[in-house]
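Trainee: how would this look folded up:
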Amino acid sequence: MFITFEGIDGCGKSTQISWFEATLRENGIPSVVTREPGGTKIGQAIRDILLSLDNTCMVPLAELFLYAADRAQHVSEVIKPALEAGKWVICDRYFDATTVYQGVVLGRHEKLIEQLNRETTLGCKPDVTLLLDCPAEVGLERRTKRDKRRDRFERKTLDFHIKIRYGYLALANKYKDRFRIIDSTLPEDQVARKIREVISPYLPESDLNQP
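Mentor: Purely as a prediction, here's the structure:
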């Protein structure tokens, strides 16, 4: 089972992934939790470049290729082997993030992004994508409260983050068979409950879907 979590900065992905991983572990379901960018040693080096405030001059095409390089390594080294071993893979962002951040919002390179996503994923497509949705203002406020240090993307304008949110919602509407939208303005325990409800049909009867 391959599950991805998507959403704007501050939507609560990290918290919910941590809770979900714990629930899987408690129920004896082997899982691998990873992220993009940065799910491998090489990916972490790429992540440092992408998020560094020293690189505000980075052009969109360079940014796109760095994300593609991270994904190629990530899928080959982590995601594909874990899925082949029968483990659940829980990933904090995946190719949908690239489609939105580097494609929809900037309105360029869309065909190239499709090709790069196809080549780098080696056929590893999420079974379910959980979009944790909240207004951009809410996400940025949460992020600032948690850590006043902001990376290259978090320093972008509110308008940019609003476009990201609606880019995700448009993508979710396009791929309704895979996306599930979760209202992440709800209390954390309620968000976690809704996530369990979404995933419950994919679980053995003896696991999470038991009362």
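
Trainee: alpha carbons only for contacts and neighbour counts from here, please
Mentor: OK.

Trainee: Which of the three states applies to Cys91?
Mentor: Secondary structure, DSSP: H, G, I helix; E, B strand; the rest coil: Cys91 is strand.

Trainee: residues contacting it?
Mentor: If you count contacts by C-alpha atoms under 8 Å, 6 or more residues apart in numbering, Cys91 has them with 2-5, 33-36.

Trainee: what does Val105 give?
Mentor: Taking C-alpha under 8 Å, 6+ apart, we find Val105 in contact with 160, 163-164, 167.

Trainee: So for the host helix or strand of Asp96, mean pLDDT?
Mentor: In the assignment (DSSP states H and E), Asp96 maps to helix 95-98. The average pLDDT within helix 95-98 is 96.

Trainee: Next: stretch 7-24.
Mentor: Per-residue scores along stretch 7-24 average to 93.

Trainee: hmm, who's touching it?
Mentor: 5-6, 30-31, 33, 90, 92-93, 131-134, 136, 138-143, 154, 161, 164-165, 168, 184, 188, 191-192, 208.

Trainee: Give me the buried entries from those residues.
Mentor: 5-6, 31, 33, 90, 92-93, 131-134, 136, 139-140, 142-143, 154, 161, 164-165, 168, 184, 191-192, 208 (16 or more other C-alpha atoms under 10 Å).

Trainee: so which strand or helix has Arg165?
Mentor: When elements are assigned from DSSP H and E, Arg165 belongs to helix 158-174.

Trainee: In contact with the spatially closest residue to Ala172 that is not a sequence neighbour, which residues?
Mentor: Nearest non-adjacent residue to Ala172, counting by C-alpha to C-alpha, 6 or more residues apart in numbering: Phe179, 5.3 Å away. Contact partners of Phe179, counting by C-alpha under 8 Å, 6+ apart, are 128-131, 172-173.

Trainee: which among the residues you listed gets closest to Leu106?
Mentor: Leu106 lies nearest to Ala172 out of the contacts of Phe179, by C-alpha to C-alpha, at 18.1 Å.

Trainee: returning to what we had before: give me the subset of the contacts of stretch 7-24 that lies in strands.
Mentor: Among those, the members found in strands (DSSP state E) are 5-6, 31, 33, 90, 92, 131-133.

Trainee: tell me the two of these that are most distant?
Mentor: Ser31 and Asp133 (24.4 Å).

Trainee: before we move on, back to that, what does the helix holding Asp96 contact?
Mentor: Contact with helix 95-98 is made by 6, 64, 67, 113, 117, 168, 171, as judged by C-alpha under 8 Å, 6+ apart.

Trainee: Phi and psi next, for Cys124.
Mentor: phi -80, psi 100 (degrees, to the nearest 10).

Trainee: my guess is it meets Lys80, correct?
Mentor: Yes. Under the criterion of C-alpha atoms under 8 Å, Cys124 makes contact with Lys80 at 6.8 Å.

Trainee: OK, contacts around the residue nearest the centre of the chain?
Mentor: Centroid-nearest residue in the chain, with C-alpha atoms, centre = their mean: Arg93, separated by 1.7 Å. Arg93 makes contacts with 4-7, 35-37, as judged by C-alpha under 8 Å, 6+ apart.
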